[in-house]
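below are the sequence and a predicted model; questions follow.
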Amino acid sequence: MNTITQGILADFSAVFSAPLSLSTRGSGSLTNLVGAHDIYLFLKFFFLPVILLFTSTLLLVIVYRRFSLDRIDRRKGELEDAIDAFLTTMVFSDYSEAEMRIEIEKFQSTVVKGNDSILLFVLKKLVHIKQNIQYLDTDKIIFMFKTFRFDVYTDQLIKGSNVENKSEGFSFYQILDYKEKCELIRPYLHSPNPKLRANALLAMISLSDENFDMLDEYCYSISRADELKILDIIYQKGYELPTNIHRWLRSSNDSIVLIAIKMLVRYNTHPSYDQLRKLFTHRNPTVQKEIINAVRKLRIVEANDLLMECYQTETNLRIKIALVKALQNTANTTNLSFALKILQLETEVDLKFEWVNCLCKMDRNFMNYIRVEDDQEKRLIQQMVLHHTNPYIN
């Protein structure tokens, strides 16, 4: 009986437990369906609209910006054309000063309209025209410059604290050849800033008269690049050789001495014998080498004795080579015995080679006058002679 009862209870438990298990599984599936439905609604009504809105806005911004840039470019082009046309008309016209003033006032009211950026663009265009077109009327350009009050702006640049702005101001006055501004620039010749000092010097040389007196007392070093710029300015302006160049040759500033020597070469002018003697024994090897090169380029035959005298006392190899190269251009047969003697005594190969070149220029048959006991030494000299005759032979 107990066994039967237990079986019935077990059957009832199985029956009632089956629906309970089914209900639990159905609840899990329903939860999953609800979650997927929520994600679908989120994507459909929020995420996708936001993405579409963002993309559309971005495209509109890009298109608008593109049209804006095109409009700005067109405006810039029109503005530049208007400025070019105005400046060209003003520069090449025969307007009187009163007429020019009226035209400038009209241009400022219709084109510039108080815009500082446009005014600065006009300034740089005017300076560019003066820099790139020769034989313009400088007085007319300066009148336009002053009527626009660009001189006030440039003075402010120079008096300001920014080194780049100061240098730009120097450049404006230098290009315009505005000589009245020399005194404004002069104090900067002693500026503690090397770059500013160099730019001021270039401007002063460009604006000064033909004597370039500021170089007489200039006590600062000048870079090689600036030396060449100074020479170029003087040469392009067509000035005569400055009368005070002899003071520059005696200057305590080696940079000024170097500039003076280069100017002698540029103007094909010979220094005096006394000046040569002093410069040959200068304390600075760079100055020594520069004057020796000048003797070579100018072919100063009168310096032969000095060249040979200095060679015998000089210890710097590079200067000795420069001395021999100078002799190659100035020496003649009267120096032959000296050259033969040095060739036999010299042990430095580079110097020996230069002496062979020198002797070949004096007398191609110099080997007939020389006696070399050492066969190896003789072969070396013969090879050097052969190389002088044909440089492509090793």
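Yep, that arrived.

who's in contact with residue 270?
264, 298, 300, 302 (CB atoms under 8 Å, 6 or more residues apart in numbering). The C-beta positions use only the backbone N, C-alpha and C, and glycine is treated the same way.

hang on, isn't the second one packed against residue 262?
No: the pair residue 298 and residue 262 fails to qualify as a contact (CB atoms under 8 Å) at a distance of 11.7 Å.

what's the pLDDT at residue 273?
On pLDDT, residue 273 comes in at 93.

quick one: neighbours of it, just the number.
13 (other CB atoms under 10 Å).

need the nearest residue in space to it, chain neighbours excluded.
Among residues not flanking residue 273 along the chain, residue 302 sits closest, at 6.3 Å (CB to CB, 6 or more residues apart in numbering).

so the one you found, which state does it fall into?
helix (DSSP: H, G, I helix; E, B strand; the rest coil).

residue 214 and residue 205 touch, don't they?
Yes: in terms of CB under 8 Å, residue 214 counts as a neighbour of residue 205; the distance is 7.4 Å.

more neighbours: which of the two?
Ranked by neighbour count (other CB under 10 Å), residue 214 and residue 205 place residue 205 first, with 19 against 15.

and that one, what does it touch?
Per CB under 8 Å, 6+ apart, neighbours of residue 205: 212, 214, 215, 230, 233, 234.

among these, which ones are buried?
With neighbours counted using 16 or more other CB atoms under 10 Å, those contain these buried positions: 212, 215, 230, 233, 234.

and those, which two are the farthest apart?
215 and 233 (12.1 Å; CB to CB).

which stretches of this protein have low pLDDT?
Filtered on pLDDT under 70, the chain yields the residue ranges 1-34, 70, 369, 390-394.

longest helix of it, counting residues only.
When the chain is parsed with DSSP state H, its longest helix is helix 48-92.

what's the angle from the helix or strand that that helix is followed by to helix 48-92?
As assigned by DSSP states H and E, the chain's next helix or strand after helix 48-92 is helix 97-107. Calculated by axes from the mean of the first three to the mean of the last three CA atoms, to 10 degrees, helix 97-107 forms an angle of 170 degrees with helix 48-92.

residue 181: how many residues sit nearby?
Around residue 181 there are 21 residues (other CB under 10 Å).

name the SS class of it, please.
Looking at residue 181 with three-state DSSP, the answer is helix.

from residue 207, how far out is it?
According to CB to CB, to the nearest Å, residue 181 and residue 207 sit 7 Å apart.

go on, residue 146?
16 Å.

more neighbours, those two?
Taking neighbours as other CB under 10 Å, residue 146 and residue 207 compare with residue 207 leading, 20 against 12.

buried residues, the helix or strand containing residue 235. List them.
Applying DSSP H and E as the criterion places residue 235 in helix 224-236. In terms of neighbour count (16+ other CB under 10 Å), helix 224-236 has its buried residues at 226, 229, 230, 231, 233, 234.

for stretch 344-354, same thing?
Across stretch 344-354, burial judged by 16+ other CB under 10 Å covers 346, 351, 352, 353, 354.

any idea how far apart the tips of it sit?
One end of stretch 344-354 sits 13 Å from the other (CA to CA, to the nearest Å).

so what touches it?
When contacts are defined by CB under 8 Å, 6+ apart, stretch 344-354 is touched by residues 317, 320-321, 324-325, 328, 343, 355, 370, 372, 380-381, 384, 387.

any idea which of those residues has the most stuff around it?
Most surrounded of the contacts of stretch 344-354: other CB under 10 Å gives residue 324, at 26 neighbours.

pretty sure that one is touching residue 311, no?
Yes: Residue 324 lies in contact with residue 311 (CB under 8 Å); the separation is 7.2 Å.

and which of the contacts of stretch 344-354 is nearest to residue 240?
The shortest approach to residue 240 among the contacts of stretch 344-354 belongs to residue 325, at 30.2 Å (CB to CB).
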